[in-house]
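Participant: What shape does this take:
(chains A and B)
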Amino acid sequence: MKVTEKDVQYVAALANLDLTGEERQQMLRDLNSILDYVDRLNQLDTSGVPPMAQVMRAVEGTDEEHQFASALREDNLHGLRPSLPQEEALANAPESDGTFFLVPKVIER
Amino acid sequence: MDLNINTIDEVRSAIRDRRTTATAIAQNFYSKIEVTDRTIGAFLTLSKDRALQKASAIDALAAKGDHLPALAGVPVGIKDVMVTQGVRTTAGSKVLQNFIPPYDCTAVARLEAAGAVVLGKMNCDEFAMGSSNENSAYKPVHNPRDLSRVPGGSSGGSAAAVAAGMAVATLGSDTGGSIRQPASFCGVVGLMPTYGRVSRYGLIAFASSLDHIGPLTKTVKDAAIMLRTIAGRDPMDSTSADVPVPDYVAELGKPVRGLRLGVPKEYFGEGLDAEVRSAVEAAIQKLAALGCEVVPISLPHTEYAIPTYYIIATAEASSNLARYDGVRYGHRSKAVRSLSDMYERTRDEGFGAEVKRRIMLGTYALSAGYYDAYYLKAQRVRTLLARDFEEAFQKVDAIVTPTSPTAAFKLGEKTEDPLAMYLADVYTVTADLVGIPGISVPCGETREKLPIGLQILGRHFSESMILRLAHAYERSRLAS
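Facilitator: Model prediction:
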């Protein structure tokens, strides 16, 4: 067993998931079974192999600068999309006062 | 009125020749959906007002005798992971049960700008996580060929709707095979374009280095028309490539004679169903008869693709799904004591079992002490997988394989075993990891009349070539 019950609790807290006792038991079994399978990656010697950092590839006839220049643009949305009016931006909020998103009180005393 | 409308060209010419109207076609499709979708479950939301408004705009153009755009009046469905302004978008999840997006996904906007009529939103696995559509929080989708079987996933609704004649074309998304595998299971064409070919602005993110949008259609030509419409640079998506979009339709007619096709031995080994094998081998023979040269090749790291995928995809998902916290949109748990309590309960109530499993796995793989062992290791193996293809593409122009190791399986058959479900993507995930395009085209049936798919993979941005091969194969199969 790679993953222990304590790990499941710790990871659930990191992921902001409030799992029931039953869900934790199921998760313990599933994660261990999946990670056992993932372990086959260790059959490969990857020393000296760089991690893949970029999926996009240069295309023949297109220089690299042209390829990736598209990742940068002027820092404004003119001509692209107007910002949403406040009313629309808040329309899907579970709770709002018309100006802000509302959440339960953060500071407890 | 049955006009026998199955393809984009049939819709367009029927409207152009005034044999019918876009409005009548849309209404016909809604009537068909009302009857047929009771047993299939492909649609989650219908967008009738929006569809009929668009259809009447097309009819006004036709009445004036104006030029009709490429997709004039074509009834389409959109996988419910793409946002649609004013039309509920759930991603197949309870956490977005009442989410009404304030803007349109670029791919959807481009379809509509070309005249398409959006009928509604297609059922899918929750956040596109699954291979059978059984992870939808709303309802499973049934395979139109056999209602006891799954349509594949995660774009199960998109594939089933085209197969059952409830839409002429649909959009799906592919992160590990989610367009090609359901296309194969339902007997339709499914195209995953090159990473960066189609803007993902407005696609609800699952795994950002793997997500692709692409079409599902009845014919290869329709896939080419759809891709031509949605492809190309979008300033709203910095990962969309600034690469010219060829006329995929015009290029379909180019000859395939002399193209070299690689057949990777690793895709024909253990686990491949015998009937699928013989159908795919026969398809490869057919391509050889059309003048293609068949070359045995090896993609030696194939067996490592699934474990690599399930680390990278879940790691990215754990980060992308952090936004569902009950603050700005989506479900919020009632009766919470504190902010952190609200986050945890909201997410526990809002997400289904598979989504939680993947968030947990991804969070674990990224957590302190495990990052190097899992995430970094997987990204290194991903480089090895990319090198496999680079070497192969020095010898061949395209690679042909089965799309899936089996035909459609039964509902419930794999739900208890996540790992068995993951292996349904064994032939499709690698293309996502490497960023190359792939198409699944029907290549026959099992004895039980279940569709089988042939997968054709090509180099980055070689959609023209794989479409051309798929088109040539499709024509020769239908001719015989």
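Participant: Give the buried residues for the strand or helix carrying residue B:11.
Facilitator: Secondary structure assignment for residue B:11, by DSSP states H and E: helix B:8-16. Neighbour counts using 16 or more other Cβ atoms under 10 Å in any protein chain shown place B:8, B:10, B:11, B:12, B:14, B:15 of helix B:8-16 among the buried residues. C-beta here means a position set from N, CA and C on the backbone, and glycine is covered the same way.
Participant: Please apply the same query to stretch B:438-447.
Facilitator: By 16+ other Cβ under 10 Å, the buried positions in stretch B:438-447 come out as B:438, B:439, B:440, B:441, B:442, B:443, B:444, B:446.
Participant: Which entries in these are shared with the contacts of chain A?
Facilitator: For chain A, no contacts are drawn from the buried residues of stretch B:438-447 by Cβ under 8 Å from any Cβ of the partner chain.
Participant: is it possible to export those residues to CSV including distance to residue A:2, pLDDT and secondary structure?
Facilitator: CSV is the format used below for the buried residues of stretch B:438-447 (distance: Cβ to Cβ, whole Å; pLDDT from 0 to 100; DSSP: H, G, I helix; E, B strand; the rest coil):
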residue, distance to residue A:2, pLDDT, secondary structure
B:438, 33, 98, strand
B:439, 38, 98, strand
B:440, 36, 98, strand
B:441, 41, 98, strand
B:442, 42, 98, strand
B:443, 41, 98, strand
B:444, 43, 97, strand
B:446, 39, 98, coil
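Participant: from those residues, which is closest to residue B:299?
Facilitator: Residue B:299 lies nearest to residue B:438 out of those, by Cβ to Cβ, at 13.3 Å.
Participant: residues contacting the closest one?
Facilitator: Residue B:438 makes contact with B:180, B:191, B:192, B:428, B:431, B:455, B:456, B:457, B:458, B:466, according to Cβ atoms under 8 Å, 6 or more residues apart in numbering or on different chains.
Participant: From chain A, how far off is it?
Facilitator: 14 Å (Cβ to the nearest Cβ, to the nearest Å).
Participant: try residue B:447
Facilitator: Using Cβ to the nearest Cβ, residue B:447 is found at 32 Å from chain A.
Participant: That residue contacts residue B:275, doesn't it?
Facilitator: Yes - using Cβ atoms under 8 Å, residue B:447 is in contact with residue B:275, at 6.8 Å.
Participant: Check what pLDDT the closest residue to residue B:324 other than its chain neighbours gets.
Facilitator: Nearest in space to residue B:324, with sequence neighbours left out and distances taken as Cβ to Cβ, 6 or more residues apart in numbering or on different chains, is residue B:95 at 4.9 Å. Looking at residue B:95, its pLDDT stands at 98.
Participant: Does residue B:95 touch residue B:343 like I think?
Facilitator: No - counting by Cβ under 8 Å, residue B:343 is not a contact partner of residue B:95; they are 12.0 Å apart.
Participant: Closest to the centroid, which residue in the chain?
Facilitator: Because you didn't say which chain, this covers chain A. residue A:15 (10.3 Å; Cα atoms, centre = their mean).
Participant: The intended chain is chain B.
Facilitator: What sits nearest the mean C-alpha location of chain B, by Cα atoms, centre = their mean, is residue B:179, with 2.3 Å.
Participant: anything in stretch B:159-175 near chain A?
Facilitator: No - using Cβ under 8 Å from any Cβ, stretch B:159-175 stays clear of chain A, with a minimum separation of 12.2 Å.
Participant: mind listing what's buried in that stretch?
Facilitator: Neighbour counts using 16+ other Cβ under 10 Å place B:159-164, B:166-175 of stretch B:159-175 among the buried residues.
Participant: picking up where we left off before, out of the contacts of residue B:438, the closest to residue A:24 would be?
Facilitator: residue B:428 (31.9 Å).
Participant: Can you get me a residue count around the closest residue to chain A within the stretch 1-150 of chain B?
Facilitator: Across the stretch 1-150 of chain B, no residue is closer to chain A than residue B:102, which sits at 4.7 Å (Cβ to the nearest Cβ). When neighbours are counted by other Cβ atoms under 10 Å in any protein chain shown, residue B:102 registers 15.
Participant: SS state for it?
Facilitator: coil (DSSP: H, G, I helix; E, B strand; the rest coil).
Participant: what pLDDT does it get?
Facilitator: 96.
Participant: Quick check, it in contact with residue A:93.
Facilitator: No - counting by Cβ under 8 Å, residue B:102 sits too far from residue A:93 to count as a contact (11.7 Å).
Participant: So, low pLDDT: which residues of chain B?
Facilitator: Within chain B, the segments meeting pLDDT under 70 span B:1-3.
Participant: Strands of that one, start to end?
Facilitator: B:43-46, B:75-79, B:117-122, B:169-174, B:189-192, B:212-217, B:260-264, B:293-297, B:398-402, B:438-445, B:451-458 (DSSP state E).
Participant: What residues of the fifth one count as buried?
Facilitator: Spelled out, it's strand B:189-192. Using 16+ other Cβ under 10 Å as the test for burial, strand B:189-192 gives B:189, B:190, B:191, B:192.
Participant: before we move on, back to that, look up phi and psi at the residue nearest to the centre of chain A.
Facilitator: phi -90, psi 0 (degrees, to the nearest 10).
Participant: Which residue, other than its chain neighbours, is closest to it?
Facilitator: Once flanking residues are discounted, residue A:15 sits nearest to residue B:363: 4.4 Å by Cβ to Cβ, 6+ apart.
Participant: burial measure for the one you found, as a count.
Facilitator: 25.
Participant: Then residue A:103?
Facilitator: The criterion is other Cβ under 10 Å. On that basis, residue A:103 has 18 neighbouring residues.
Participant: Okay, it and residue B:325: tell me how far apart.
Facilitator: Remark: distance between residue A:103 and residue B:325 (Cβ to Cβ, to the nearest Å) = 9 Å.
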